[in-house]
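Peer 1: Build me a structure from this.
(one chain, ligands or ions: 2)
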Amino acid sequence: MFSPRDMPSPSSIFSAYASMTASIMLLRSMANELIPQPIRGYLCNAFRYLIKPRSPTLTLIIEESTGIARNQVYDAAEAYLSTRVSPENERLKISKSPKEKKLTIRLEKGEKVVDFFNGACFKWRFICAESEKNNPNDHTNNISVRSEKRSFELSFPKKLKEMVLETYLPFILEKAKEMKEEERVLKMHTLNTSYCYSGVKWDSINLEHPSTFETLAMEPELKNAVIEDLDRFVKRREFYKKVGRAWKRGYLLYGPPGTGKSSLIAAMANYLKFDIFDLQLGNIVRDSDLRKLLLATANRSILVIEDIDCSVDLPERRHGDGRKQTDVQAHRGSDGWMQLTLSGLLNFIDGLWSSCGDERIIIFTTNHKERLDPALLRPGRMDMHIHMSYCSYQGFKLLASNYLETPSDHPLFGEIEGLIEDIQITPAQVAEELMKNEDAEATLEGFVKLLKRKKMEGDVCESPEKAEPPHQQSKRRKVGCRQKRGVGISKSNSGVTQRRTRRMRRECSL
Ligand SMILES: Nc1ncnc2c1ncn2[C@@H]1O[C@H](COP(=O)(O)OP(=O)(O)OP(=O)(O)O)[C@@H](O)[C@H]1O
Ligand SMILES: [Mg+2]
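Peer 2: Ligands and ions are numbered 1, 2, ... in the order given. Model (predicted):
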């Protein structure tokens, strides 16, 4: 047993301390003489490392992006932590878009959240580091570019490292996935041009486009073919794996302005519940930026490149008259640093991009298919070519029932059928006309007048002779102009083009 008598007296403690200090000093002076300086420094560091108190806590840094692609753990943590805020939090970000059912809560810079899982405590902190740097392309150094680096810090006892990596983080990923499915508000991602110099970035807003296949005026046969194609695509994960192809599908939508190309894209996104990434090539200057952006797109998404024939002067593109564009700078201004190439775009879409993600759809749109570079049209690139054309009687009936809620046997419909098939009128024009008046009778009468006027003005289908080779003309004469109302669909996946139903109406008259 320990008794007070066993305790050392203060004087003995002092003398022991004094003799220890003297010994250390003696050792030190001996060491100074005997051990050379570099080795002494090394030994000191090693000794300090051995006696340094170890932190029992491990901190994981979860950054928003992994350099190129978005970090899924970050996105999941952001969604998950929004359900874990407590009265301790002092600043939170709140938002809600019309389509969202609930308020969205996000942590503000520096906010902390404590989460309990399997009896253990996990501390989260949201970090947002802002920095400003000079624009590397601005030689005057007057323009600086602001950028933000967002991340989460997750701290927990070191001994839980395995559990965090194997159970806790997978649990958060799964939870966030469930939340996303439940809320499923589609996003439309567009380029954030203010990041143009420091690195391009996607910004997202909720996709509010109301277009669906039900509201879209398209030939029913073509519409069904597109829906079937999409259904088949999303079901074929194993098939794509088996045949060694990337799980992606390409569509080319072509046709005059106002025929519903953008509406069809929105309908596809709403049908599949895929986000849209709208790539405006005009805002991208280098292949490296393009690569970065494409890698930052998510699975189950639609990448859209609208107006491919005029959104950017890609170096390998040909002019409408067949001349090849070779002088990049001539099309790019005098700055000389724009290096986006068509081959960069196509190679990337065929190569790395398509192989690093799942369930990707890519859609190009154009008003002038004939102006596209053959490289874009070659088999295997765009699996399906969809021609969106002028409004047919079927299309009109659908729009009339959407806009006016008229019965399909309205007395004026017969007259409209006789007129509309010979006239070039886009679904956008029809929709605009049908919105002019709330009274269905007056609207339809106005619409008949418009069709008659257009017919008088000669805004009708061109004679087939101008467009078709002779062997096609005889066939066409039998069915007249109707057959030129383009509801063409062609599949190019095996290099065999199967034009379904009717032939496309040439857009050269536009
Ligand atoms: N096929 C259609 N069915 C229903 N509405 C349509 C259709 N086409 C056009 N519209 C109406 O016209 C508007 C414009 O159409 P949209 O933007 O889809 O045409 P677009 O073919 O993409 O034109 P652009 O070539 O100029 O981009 C749509 O918002 C929609 O209201
Ligand atoms: Mg469009």
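Peer 1: In terms of helices and strands, where is the residue in the stretch 251-400 of the chain that ligand 2 sits nearest to?
Peer 2: Distances from the stretch 251-400 of the chain to ligand 2, computed as CB to the ion, single out Ser262 as the nearest residue at 3.2 Å. The way it works is simple: take the backbone N, C-alpha and C, and place the C-beta from them, glycine included. If you go by DSSP states H and E, Ser262 is part of helix 261-272.
Peer 1: Tell me the helix or strand right after that helix.
Peer 2: strand 275-278.
Peer 1: list the buried ones in the following helix or strand past that following strand?
Peer 2: Next helix or strand after strand 275-278 toward the C-terminus (DSSP H and E): helix 287-295. Residues of helix 287-295 classed as buried under the neighbour-count rule (16 or more other CB atoms under 10 Å) are 287, 289-295.
Peer 1: before we move on, what about stretch 254-267?
Peer 2: Within stretch 254-267, the residues that count as buried by 16+ other CB under 10 Å are 254-256, 258-267.
Peer 1: How far away from the center of its chain is it?
Peer 2: Stretch 254-267 sits 19 Å away from the centroid of its parent chain (CA atoms, centre = their mean, to the nearest Å).
Peer 1: Run through the strands of the chain in chain order.
Peer 2: The residue ranges that make up the strands of the chain, judged by DSSP state E, are 57-63, 92-95, 104-107, 112-117, 120-134, 144-157, 187-192, 201-206, 248-254, 275-278, 301-305, 360-366, 384-387, 489-491.
Peer 1: packing partners for the second one?
Peer 2: It stands for strand 92-95. In terms of contacts (3 or more CB pairs under 8 Å, 6 or more residues apart in numbering; DSSP states H and E), strand 92-95 is packed against strand 104-107.
Peer 1: Go through the strand it packs on and flag the buried ones.
Peer 2: Neighbour counts over strand 104-107 (16+ other CB under 10 Å) mark 105, 107 as buried.
Peer 1: contact partners of it?
Peer 2: The set of residues that contact strand 104-107 without belonging to it, under CB atoms under 8 Å, 6 or more residues apart in numbering, is 78, 81-82, 85, 89, 92-96, 113, 126.
Peer 1: what's the answer for stretch 115-129, then?
Peer 2: Contacting residues not belonging to stretch 115-129 are listed as 77, 81, 84, 107-114, 148-157, 160, 163-164, 167-168, 171 [CB under 8 Å, 6+ apart].
Peer 1: Can you name the residue of this structure nearest to ligand 1?
Peer 2: Scanning the chain for the residue nearest ligand 1 gives Gly260, at 2.7 Å (criterion: CB to the nearest ligand atom).
Peer 1: wait, isn't that residue in contact with Met388?
Peer 2: Yes - taking CB atoms under 8 Å as the contact criterion, Gly260 and Met388 are neighbours in contact, 5.2 Å apart.
Peer 1: and the end-to-end length of stretch 407-423?
Peer 2: 23 Å (CA to CA, to the nearest Å).
Peer 1: does ligand 1 sit close to it?
Peer 2: No - where contact is defined by CB under 6 Å from any ligand atom, no part of stretch 407-423 touches ligand 1; the two come within 13.7 Å at best.
Peer 1: Okay, buried residues for that stretch please.
Peer 2: By neighbour count with 16+ other CB under 10 Å, stretch 407-423 contains the buried residues 410, 412-413, 416, 419-423.
Peer 1: With distance to ligand 1 as added columns, please give the strands of the chain in TSV.
Peer 2: Converted to TSV, the strands of the chain look like this (distance: least, CB to the nearest ligand atom, whole Å):
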stretch	distance to ligand 1
strand 57-63	37
strand 92-95	26
strand 104-107	27
strand 112-117	42
strand 120-134	37
strand 144-157	32
strand 187-192	14
strand 201-206	17
strand 248-254	8
strand 275-278	12
strand 301-305	11
strand 360-366	7
strand 384-387	11
strand 489-491	14
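Peer 1: okay if I get these as JSON lines plus distance to Asp373?
Peer 2: Putting the strands of the chain into JSON lines (distance: least, CB to CB, whole Å) gives the following:
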{"stretch": "strand 57-63", "distance to Asp373": "38"}
{"stretch": "strand 92-95", "distance to Asp373": "42"}
{"stretch": "strand 104-107", "distance to Asp373": "42"}
{"stretch": "strand 112-117", "distance to Asp373": "51"}
{"stretch": "strand 120-134", "distance to Asp373": "37"}
{"stretch": "strand 144-157", "distance to Asp373": "33"}
{"stretch": "strand 187-192", "distance to Asp373": "23"}
{"stretch": "strand 201-206", "distance to Asp373": "26"}
{"stretch": "strand 248-254", "distance to Asp373": "12"}
{"stretch": "strand 275-278", "distance to Asp373": "21"}
{"stretch": "strand 301-305", "distance to Asp373": "13"}
{"stretch": "strand 360-366", "distance to Asp373": "11"}
{"stretch": "strand 384-387", "distance to Asp373": "15"}
{"stretch": "strand 489-491", "distance to Asp373": "18"}
